[in-house]
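Novice: Fold the stuff below for me.
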Amino acid sequence: MQLNGKTILVTGCGGGIGSETCRLIVARGGRLVAADLDAAGASVAEECGAEYVSLDVTSESAWAAALEKVNERFGALHGLVNNAGVILMKPLLETTLAEYRRINAINAEGTFLGMRTFASLLAESAGENGTAIVNLSSIYGLGGQPGFSAYAASKGAVRLLSQTAALEFAQNGMKVRVNSVHPGPINTPLVRGPLETAVEAGMLPSLQAGIDLVGAGYPHGRMGVALDVAGVIVFLLSDDARFVNGAELPVDDGLSAKAQ
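Specialist: The predicted structure is shown next:
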């Protein structure tokens, strides 16, 4: 799972999974391009000694600027991690159209724009073992989850977009693998946010109680952490995954394997 000599761009680098992925990429010898809109992202880039790109994943022109910067600085790209994402815990009947569109613009359209923008450079950079795109979906992109209608729709879109792109790229002779990763609820700020909201609403006595409750639903009784997901992402970026394409990998301790 070494990434020596590979240049890899990670969006949403300031978040829990994004920051751990960035650290692991650098630890495995990769050259990191860290992309985000928040100050936290710039901090992670500085910590990792990485090139930083300010990137609004919903903006076509911002993606074009990122491509130009990567081309000028490195002249190649060997991996793209479409990690930037947001979550909304709200029933369908309470979700506004604006909320639905925002979730899908960031989670689904951002992934689409990233793949479309960098596909040609990834193909040009491919050696014998090809290059890789890793898209972050969710176990809620594998099956419905009450209370997460907009989020589940966006992550389901990422799943099928990834599979279709994997097949199209291969059909076009492009040595670019595309796979999606489907974490269960992971102990990161993104997931702790809805739990904190539940605490404020009196639905949970404390944040720790919420973490314990979620963890109890996993087969081994603990909530996942960001490094659990980062390791799978780095595997898919590495040459060890050279024959893994169009796959959807749950990272959920077997939660999605349980019979309903």
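
Novice: who does the helix or strand hosting Ser180 pair up with?
Specialist: Counting by DSSP states H and E, the element that carries Ser180 is strand 176-183. With DSSP bridges as the test, strand 176-183 is paired with strand 131-136 (parallel), strand 248-251 (parallel).

Novice: For Ala216, the count of nearby residues, please.
Specialist: By other CB atoms under 10 Å, 10 other residues sit near Ala216. The C-beta positions use only the backbone N, C-alpha and C, and glycine is treated the same way.

Novice: Revised request: answer the last question for Asp253.
Specialist: The local packing of Asp253 (other CB under 10 Å) involves 18 other residues.

Novice: Residues touching the helix or strand bottoming out on mean pLDDT in the chain, excluding its own?
Specialist: Taking mean pLDDT, DSSP states H and E as the measure, the chain has helix 189-200 as its least confident helix or strand, at a mean of 87. Applying CB atoms under 8 Å, 6 or more residues apart in numbering, the external contacts of helix 189-200 come out as 15-17, 85-87, 89, 185, 204-207, 210-211, 214.

Novice: from the residues you listed, which ones fall inside strands?
Specialist: Judged by DSSP state E, those include no members of strands.

Novice: which ones are touching Gly130?
Specialist: By CB under 8 Å, 6+ apart, the residues touching Gly130 are 175-177, 242.

Novice: Show me where the protein has its strands.
Specialist: Here the chain has its strands, by DSSP E, at 7-11, 31-36, 51-54, 79-82, 131-136, 176-183, 248-251.

Novice: for the strands paired with strand 176-183, which one ends up most surrounded?
Specialist: For the strands paired with strand 176-183, average neighbour numbers computed from mean count of other CB atoms under 10 Å are highest in strand 131-136, which has a mean of 28.

Novice: List the buried residues in stretch 3-19.
Specialist: The neighbour-count check on stretch 3-19 (16 or more other CB atoms under 10 Å) flags 3, 6-19 as buried.

Novice: circling back to that earlier point, how about the strands of the chain, which one is nearest Glu99?
Specialist: Set against Glu99 and scored by CB to CB, the strands of the chain come closest in strand 131-136, at 19.9 Å.

Novice: gap between the closest one and the chain center?
Specialist: Offset of strand 131-136 from its chain centre (CA atoms, centre = their mean, to the nearest Å): 9 Å.

Novice: One more: stretch 20-33?
Specialist: Centre to centre, stretch against its chain (CA atoms, centre = their mean), the figure for stretch 20-33 is 15 Å.

Novice: mind checking the end-to-end distance for that stretch?
Specialist: 14 Å (CA to CA, to the nearest Å).

Novice: Let's test this: mean pLDDT of that stretch, rounded?
Specialist: What stretch 20-33 shows for mean pLDDT is 98.

Novice: I'm done for today, thanks for sticking with me.
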